[in-house]
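> The following block contains a protein sequence and its predicted model.
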2 protein chains.
Amino acid sequence: MRDRVQETANCRGAAHRRQHPDAHTCDLCEARAFNMCNALEPHELERLAAIMSNQRVEAGTTFIEEGAPADDLFNLTAGTVKVFKLLPDGRCQITGFMMAGDFLGLSRGGAYAYSATAVTPVTFCRFQRPQLRGLFNELPKIERQMLGLAMNELMAAQDQMVLLGRKTARERIASFLLTLSDRAVRRGRPGNPVDLPMTRGDIADYLGLTTETVSRSFTQLKTDRVIALKGNHAVEILDLEALEDIAGIDERGELAFDSIA
Amino acid sequence: MRDRVQETANCRGAAHRRQHPDAHTCDLCEARAFNMCNALEPHELERLAAIMSNQRVEAGTTFIEEGAPADDLFNLTAGTVKVFKLLPDGRCQITGFMMAGDFLGLSRGGAYAYSATAVTPVTFCRFQRPQLRGLFNELPKIERQMLGLAMNELMAAQDQMVLLGRKTARERIASFLLTLSDRAVRRGRPGNPVDLPMTRGDIADYLGLTTETVSRSFTQLKTDRVIALKGNHAVEILDLEALEDIAGIDERGELAFDSIA
DNA sequence: GCCTTGCATTGATCCAGGTCAAGGATTGTC
DNA sequence: GACAATCCTTGACCTGGATCAATGCAAGGC
């Protein structure tokens, strides 16, 4: 591994590093319903809480750097994070936007497999790997839950490969909006004025496009009365059916926890 | 879900359906070392073998169809399988080539999340989901092993997103060759004359390109003396370092089973 | 309130890779 | 071993999205 991920390597935007410890209990956690803690009983949750620290980082903070020692695992409880990889020459691909309930910290040979930067202020539970590994033996439920989460992420990754490999710019934008809408609904928030916490540049780096093409595609969908732009960080879906047709459907609901078997 | 996956839906090539039951024991299984059975003791393997059937299908057989009821899970023991998704208009994206040790059968809401077609003659172990689920409770080791496999697949998917979103045709081909070479080595086979069981069209559908562009890129790398074509289904790497430079490295070895924690 | 600064949009132009169209090379079949 | 049937390669041309270059716009600092 080259030292291509420098101190400040950060897909669009400067790196910050402040972190505000800010512990609170799992009882109030809004992400419980869809993260790895989901299946745990109160006393089991206590075991988990004992080995974790609750933290908050500001927007722009890069709290995972590809290639750095993968000491910790993160469980998002609020906010949006972009996960990305950089090519040696600086080209960036965002592999996902993570939200409450998602976990972060995949490692390959002891080093983080990607970088992660907060797009909004973010809170998460932080675990040290050895301690979490220990708990896995006591509470296999966690492992099962994580397998389900990993499978769902894998399916989302496969959808994204179809998008990146075979969809047009217009189709990518449509798919992206529908996916974000779906995820908001699944988290109990309104699905229609779609919230876009990230910049056009981030969207471009996620969809394999450029800022300009993202902007033009938005404008085109607006002209076609399929969407309406509500400032830079929200989009209203005016014609859902048209948007689904453009996207190639596929963004069907169901992310049910089939787990593996 | 529309009925877009017809009886014969099959990313390049006709659908077949013959299957040859051909049971044999796990003792001789060459895929043991890198699949979900890896960690099991002999008596545990017996429990697993009791609920599985061993099958063989010919090249061209589509044995998983996206959208069909996801009754079974598969564990490849030999051969190469292409996993793909189709857009309503027939555009195809291959999301992965699976080999000995890989598992197949991800489901979303009870239906297969993708189609799978044998590229070469293939053998696999087939499990019925309910039975395998039952065994998970008895042998959590399997679940742990699967979590590791899923994590590795997820990281591979993220690398593929970088490739599809940000790499040029030439870079995609270079990355592809290096990845295949690596996987062969990891399975104890020679890494240098790289074996390409799939067609140019399959490679194109995997790399988000067209047959013509794949062919031209091969020719270009050949002209540059980086590779030599050994017929249609093998490539000799003449200048590994150059190929790695073109690929943007990233295909570092290490796919070590860190699992999650 | 003005000024800075970082987005976002829009326009003009370019080019990597797609599309269309022949040919050549393999592979399997009888 | 001749014939299909694929599969692969190469050439000519075209186009969707990238690149280059202004210009708009809105939010925070002072």
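Structure's in. What do you need?

> For chain A, what lies in contact range of DNA strand C?
A:12-13, A:199-201, A:211-212, A:214-216, A:218-219, A:229, A:232-233 (Cβ under 7 Å from any atom of the strand). From N, CA and C alone the C-beta is placed, and that goes for glycine too.

> Just the ones in helices from the residues you listed, please.
A:R200, A:G201, A:T211, A:E212, A:V214, A:S215, A:R216, A:F218, A:T219 (DSSP state H).

> Can you tell me which of the residues you listed has the most neighbours?
Within those, neighbour counts (other Cβ atoms under 10 Å in any protein chain shown) peak at A:V214, which reaches 23 neighbours.

> give the contact list for the nearest residue to A:M52 once chain neighbours are set aside.
Spatial nearest neighbour of A:M52, excluding adjacent residues (Cβ to Cβ, 6 or more residues apart in numbering or on different chains): A:C125 at 4.6 Å. The contact partners of A:C125, by Cβ atoms under 8 Å, 6 or more residues apart in numbering or on different chains, come to A:M52, A:S53, A:N54, A:Q55, A:F74, A:N75, A:T77.

> does A:N75 belong to a helix or a strand, and which?
strand A:72-78 (DSSP states H and E).

> Could you do A:N192 as well?
Remark: A:N192 resides in no helix or strand, with elements defined by DSSP H and E.

> Chain neighbours aside, what residue packs nearest to it?
A:I237 (5.7 Å).

> how close does that neighbour get to DNA strand C?
Here the distance between A:I237 and DNA strand C works out to 16 Å (Cβ to the nearest atom of the strand, to the nearest Å).

> A:K222 versus that residue, what's the distance?
Per Cβ to Cβ, to the nearest Å, A:I237 is found 11 Å from A:K222.

> Looking at these two, which has the bigger crowd around it?
A:I237 (21 against 15).

> Run through the bridge partners of that one.
Applying DSSP bridges to A:I237 yields these beta-bridge partners: A:I227.

> Confirm for me that it is in contact with A:V194.
Yes - under the criterion of Cβ atoms under 8 Å, A:I237 makes contact with A:V194 at 6.6 Å.

> Can you tell me which residues in chain A are near DNA strand D?
So far as Cβ under 7 Å from any atom of the strand goes, chain A lies against DNA strand D at A:T168, A:A169, A:R170, A:G208, A:L209, A:T210, A:E212, A:T213, A:G231, A:N232.

> Domain parsing of chain A, as residue ranges.
For chain A, automatic domain parsing gives the domain ranges A:19-152, A:167-247.

> mind checking which of the ones you listed is nearest B:G105?
domain A:19-152 (10.5 Å; Cβ to Cβ).

> For that closest one, what does the pLDDT average out to?
Domain A:19-152 shows a mean pLDDT of 88.

> next one: it to chain centre, how far?
Using Cα atoms, centre = their mean, to the nearest Å, the distance from the centre of domain A:19-152 to the centre of the chain it belongs to is 10 Å.

> May I ask which two of the residues of chain A next to DNA strand C are separated the most?
A:G13 and A:T219, at 24.0 Å, using Cβ to Cβ across the residues of chain A next to DNA strand C.

> Next SSE downstream of the longest helix along chain A?
Using DSSP H, we find that the single longest helix of chain A is helix A:140-166. The helix or strand immediately downstream of helix A:140-166 is helix A:169-186, counting by DSSP H and E.

> Count the neighbours of A:R129 for me.
There are 19 residues near A:R129, going by other Cβ under 10 Å.

> Neighbours of the nearest residue in space to A:T117 that is not next to it in sequence, how many?
Residue nearest to A:T117 in three dimensions, not counting chain neighbours: A:T62, with 4.5 Å by Cβ to Cβ, 6+ apart. Neighbours of A:T62 under the rule other Cβ under 10 Å: 25.

> Okay, A:T62 and A:R200: tell me how far apart.
20 Å.

> I figured A:F136 was touching A:L147, is that so?
No - A:F136 sits out of contact with A:L147 when judged by Cβ under 8 Å, with a separation of 11.2 Å.

> Name the residue in the two with the higher neighbour count.
Using other Cβ under 10 Å as the criterion, A:F136 and A:L147 rank with A:L147 on top: 25 against 18.

> what about the more buried one, distance to B:N137?
A:L147 sits 13 Å away from B:N137, going by Cβ to Cβ.

> Check A:F218 too.
If you go by Cβ to Cβ, the gap between A:F218 and B:N137 works out to 49 Å.

> Ok, A:Q55 next?
35 Å.

> quick one, which of those two is more surrounded?
Shown here are A:Q55 and B:N137; by other Cβ under 10 Å, A:Q55 has more neighbours (18 against 10).

> so that one sits in a strand?
Yes - the assignment for A:Q55 is a strand, going by DSSP: H, G, I helix; E, B strand; the rest coil.

> Any idea what it is bridged to?
With DSSP bridges as the rule, A:Q55 is bridged to A:P21, A:F124.

> Make sure it is actually in contact with A:F124.
Yes - assessed by Cβ under 8 Å, A:Q55 is found in contact with A:F124 at 6.1 Å.

> any residues in contact with both of those two?
Common neighbours of A:Q55 and A:F124 (Cβ under 8 Å, 6+ apart) do not exist.

> one step back: report the secondary structure state of the residue nearest to A:T117.
When the rule is three-state DSSP, A:T62 gets the label strand.
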